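Engineer: the following block contains a protein sequence and its predicted model.
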Amino acid sequence: MTLLARDEADIVDAQIAFHLHAGVDFVIATDNRSQDATSEILERYEAQGFLHLIHEPGEDLRQSEWVTRMAQLAATDFGADWVINADADEFWWPRASNLKDVFAVVPERYGVVRAAWRIFVPRPDDDQHFAERMTLRLCSPPYHDHPFATHSNSAHRAAPDVRIGRGNHEAFADGLLPLRGWFPIEIFHFPLRSLEQCRRKYVTQFLALERNPDKGTPGQIAEAYRAYLAGRLDDFYAPLVVPDDELARGLADGVFTIDTRLRDALRALSYGETAGMLQFAPPPQGKPTLAFSRPDVADQALFAAETSIIPESDLAQSLGARIGDLEARIDCMERSGLARIKSALPRGRA
């Protein structure tokens, strides 16, 4: 697994421990200028032999470049067969017995597998570990520029020439044919967890993207930053939190569902708690210990319904580049045709 992190101490220990117990053999992590305990957590896993750490001092959030570097290292230096490109707020939950079993059944001709985001929303902050507090999942997130928008990310066969697209949504290399329309992994996504984390996330990202303007700034990041500058970040964050008086109504209307799978898994992996932070240990001898239940027919149907918008976005991604190329060729033909017509017309005399 590759992991890009900055100031994610509230979640990164659980994230790494979970994936090592779920079938990931090794982690390549990039720490980008963390000011909290993120670096110390990553260094602990490095000292235990589970992680290779890169310190990235860049201030311009060149995510695609940094993740591509890690994904290529996985192939060239660390003997990877498959690579998961994850963020610290993502937990890749296999819809099979473990992650290894998912990748083992992928036909040889395919090199990219999709994983579907499942968005967990913030609840009132009571100083508990995020997984204890955030068991409320959004059933049908929107697919547009919103803090809780859904998407898919890609895992891929290791390749020394792989390139990772922005947001880890796409992986490109010669021979990496994507297997579209199948989502054998859920990504439990916790994009916002507290007001303080919201401040770190959006202010840091906005300032970094300002230094890298060719990447563009998503509207939600710009909106949060404007609210921060105006002293109104609370007004941006508060409507995203689901209070107790909205919980029952949202559950009854099918907007939310209670999903305790990650909470229960982390409870099984933790060995104590310090200052509201659960403590985790890597698996003994690097062997995965988590066992995941295979979904039944009812769960499969519900999963298909709740993720139905993702294949549409996936299709748009696959066709987008071809459409853009076709439009450029048509524009070129039209301009060249107009130039030929003009050259064929008799020129006026002075």
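Structural biologist: The structure has been received and is ready for your questions.
Engineer: and residue 53, how many neighbours?
Structural biologist: Using other C-beta atoms under 10 Å, residue 53 has 16 neighbouring residues. All C-beta spots, glycine's among them, are computed from the backbone N, C-alpha and C.
Engineer: again with residue 252
Structural biologist: Residue 252 - counted by other C-beta under 10 Å - has 9 other residues nearby.
Engineer: adjust the sequence numbering to begin at 24 for everything that follows.
Structural biologist: All right, first residue 24 from here; so that's residue 275.
Engineer: how far away is it from residue 164?
Structural biologist: 19 Å (C-beta to C-beta, to the nearest Å).
Engineer: do a quick rundown of the helices in the chain.
Structural biologist: 35-45, 61-70, 86-99, 122-127, 153-156, 218-233, 242-252, 256-260, 267-275, 284-292, 320-329, 332-367 (DSSP state H).
Engineer: quick one: closest of those helices to residue 52.
Structural biologist: helix 61-70 (5.1 Å; C-beta to C-beta).
Engineer: so what does that closest one touch, helix or strand wise?
Structural biologist: Applying 3 or more C-beta pairs under 8 Å, 6 or more residues apart in numbering; DSSP states H and E, one finds that helix 61-70 contacts helix 35-45, strand 50-54, strand 74-78.
Engineer: which one of these lies closest to residue 121?
Structural biologist: The nearest among the helices and strands packed on helix 61-70, by C-beta to C-beta, is helix 35-45 at 5.9 Å.
Engineer: which helices and strands sit right next to that closest one?
Structural biologist: strand 25-28, strand 50-54, helix 61-70, strand 105-110, strand 113-117, helix 284-292, strand 300-303.
Engineer: out of those, nearest to residue 321?
Structural biologist: helix 284-292 (15.7 Å).
Engineer: quick one: buried residues of the closest one?
Structural biologist: The neighbour-count check on helix 284-292 (16 or more other C-beta atoms under 10 Å) flags 284, 285, 286, 288, 289, 292 as buried.
Engineer: so for it, mean pLDDT?
Structural biologist: Mean per-residue pLDDT for helix 284-292: 94.
Engineer: show me what that helix is packed against.
Structural biologist: Right, helix 284-292 is packed against helix 35-45, strand 113-117, helix 153-156, strand 300-303 by 3+ C-beta pairs under 8 Å, 6+ apart.
Engineer: 10 Å instead?
Structural biologist: helix 35-45, strand 113-117, helix 153-156, strand 208-212, strand 300-303 (3 or more C-beta pairs under 10 Å, 6 or more residues apart in numbering; DSSP states H and E).
Engineer: need the winner for burial among those.
Structural biologist: With neighbours defined as mean count of other C-beta atoms under 10 Å, the helices and strands packed on helix 284-292 peak in mean count at helix 35-45, which reaches a mean of 24.
Engineer: tell me how far that one lies from the chain's centre.
Structural biologist: Distance of helix 35-45 from the chain centroid (C-alpha atoms, centre = their mean, to the nearest Å) equals 15 Å.
Engineer: ok, now stretch 56-75?
Structural biologist: Distance, centroid of stretch 56-75 to centroid of chain: 20 Å (C-alpha atoms, centre = their mean).
Engineer: start to end distance for it?
Structural biologist: 16 Å (C-alpha to C-alpha, to the nearest Å).
Engineer: just to revisit the earlier point, what's the closest of the buried residues of helix 284-292 to residue 259?
Structural biologist: Set against residue 259, the nearest of those by C-beta to C-beta is residue 285 (25.8 Å).
Engineer: how about the contacts made by residue 244?
Structural biologist: In this structure, residue 244 makes contact with 168, 170, 224, 225, 226, 227, 228, 229, 231, 232, judged by C-beta atoms under 10 Å, 6 or more residues apart in numbering.
Engineer: one more time with 7 Å
Structural biologist: With contacts defined as C-beta atoms under 7 Å, 6 or more residues apart in numbering, residue 244 is in contact with 225, 228, 229, 232.
Engineer: where are the low-confidence patches of the stretch 224-373 of the chain?
Structural biologist: Scanning the stretch 224-373 of the chain for pLDDT under 70 picks out 238, 296-300, 308-309, 334-352, 354-355, 357-373.
Engineer: in a markdown table: the helices and strands packed on helix 35-45, plus distance to residue 175.
Structural biologist: Shown next, in a markdown table, are the helices and strands packed on helix 35-45 (distance: least, C-beta to C-beta, whole Å):
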| stretch | distance to residue 175 |
| --- | --- |
| strand 25-28 | 17 |
| strand 50-54 | 22 |
| helix 61-70 | 26 |
| strand 105-110 | 12 |
| strand 113-117 | 12 |
| helix 284-292 | 19 |
| strand 300-303 | 27 |
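Engineer: quick check: which of these is nearest to residue 154?
Structural biologist: helix 284-292 (4.7 Å).
Engineer: angle of the closest one against helix 35-45?
Structural biologist: 80 degrees (axes from the mean of the first three to the mean of the last three C-alpha atoms, to 10 degrees).
Engineer: which residues does stretch 96-108 contact?
Structural biologist: 24-25, 47, 49, 51, 75, 90, 94, 115, 126, 176, 178-183, 185, 187, 191.
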